[in-house]
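K.L.:
sequence and predicted model, in that order:
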Amino acid sequence: MKHAVPERRKPYKMLEQALADGWESVHNIPLKGEGEFVVLTLSGLIKLARNRKVHRITRKADGYGPARTTVVSVRTGNYLGAIAWRWPDPEIDKALLL
């Protein structure tokens, strides 16, 4: 049996929807020492992260996706390409905050 071709992710559409839902742009993402926050990654994941940078440095939008910045996952320490962020909400982000 053939399977359906998976729909390709659309990072610009994901960012547009996130901003409409109250997420913030990476241009004002918290810096080192300002706490942990929830990010929407370029691949569509939602992770708890922190920033190790003391200056806001973003990569410009290109063919791969919208403007983004690198942050670090709180749980694994992996680098993540964040396209949007927000402060954690204990009601919504229970699984992330455990």
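P.N.:
All right, it came through fine. Residues are numbered from 1 along each chain as shown.
K.L.:
contacting residues around the residue lying closest to residue 78 once chain neighbours are set aside?
P.N.:
Among residues not flanking residue 78 along the chain, residue 72 sits closest, at 7.2 Å (CB to CB, 6 or more residues apart in numbering). From N, CA and C alone the C-beta is placed, and that goes for glycine too. By CB atoms under 8 Å, 6 or more residues apart in numbering, the contact set of residue 72 is 49, 50, 51, 52, 78, 79, 80.
K.L.:
so residue 72 lies in a strand, does it not?
P.N.:
Yes - the assignment for residue 72 is a strand, going by DSSP: H, G, I helix; E, B strand; the rest coil.
K.L.:
and it, how far from residue 37?
P.N.:
From residue 72 across to residue 37, the span is 11 Å (CB to CB, to the nearest Å).
K.L.:
give the residues shared as contacts by those two.
P.N.:
49, 50.
K.L.:
quick one: contacts of the lengthiest strand in the chain?
P.N.:
Using DSSP state E, we find that the single longest strand of the chain is strand 79-86. Contacts to strand 79-86, defined as CB under 8 Å, 6+ apart, come from residues 11, 14-15, 18-19, 22-26, 29-30, 37-43, 45, 47, 49, 65-73.
K.L.:
in its sheet, what does that strand sit against?
P.N.:
Applying DSSP bridges, strand 79-86 is found paired with strand 24-25 (antiparallel), strand 37-41 (antiparallel), strand 69-73 (antiparallel).
K.L.:
pipe those into JSON lines and attach distance to residue 91 and mean pLDDT per row.
P.N.:
Output for the strands paired with strand 79-86, formatted as JSON lines (distance: least, CB to CB, whole Å; pLDDT from 0 to 100):
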{"stretch": "strand 24-25", "distance to residue 91": "18", "mean pLDDT": "96"}
{"stretch": "strand 37-41", "distance to residue 91": "13", "mean pLDDT": "96"}
{"stretch": "strand 69-73", "distance to residue 91": "22", "mean pLDDT": "96"}
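K.L.:
would you reformat those as a markdown table and include distance to residue 4?
P.N.:
Formatted as a markdown table, the strands paired with strand 79-86 follow (distance: least, CB to CB, whole Å):
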| stretch | distance to residue 4 |
| --- | --- |
| strand 24-25 | 34 |
| strand 37-41 | 25 |
| strand 69-73 | 31 |
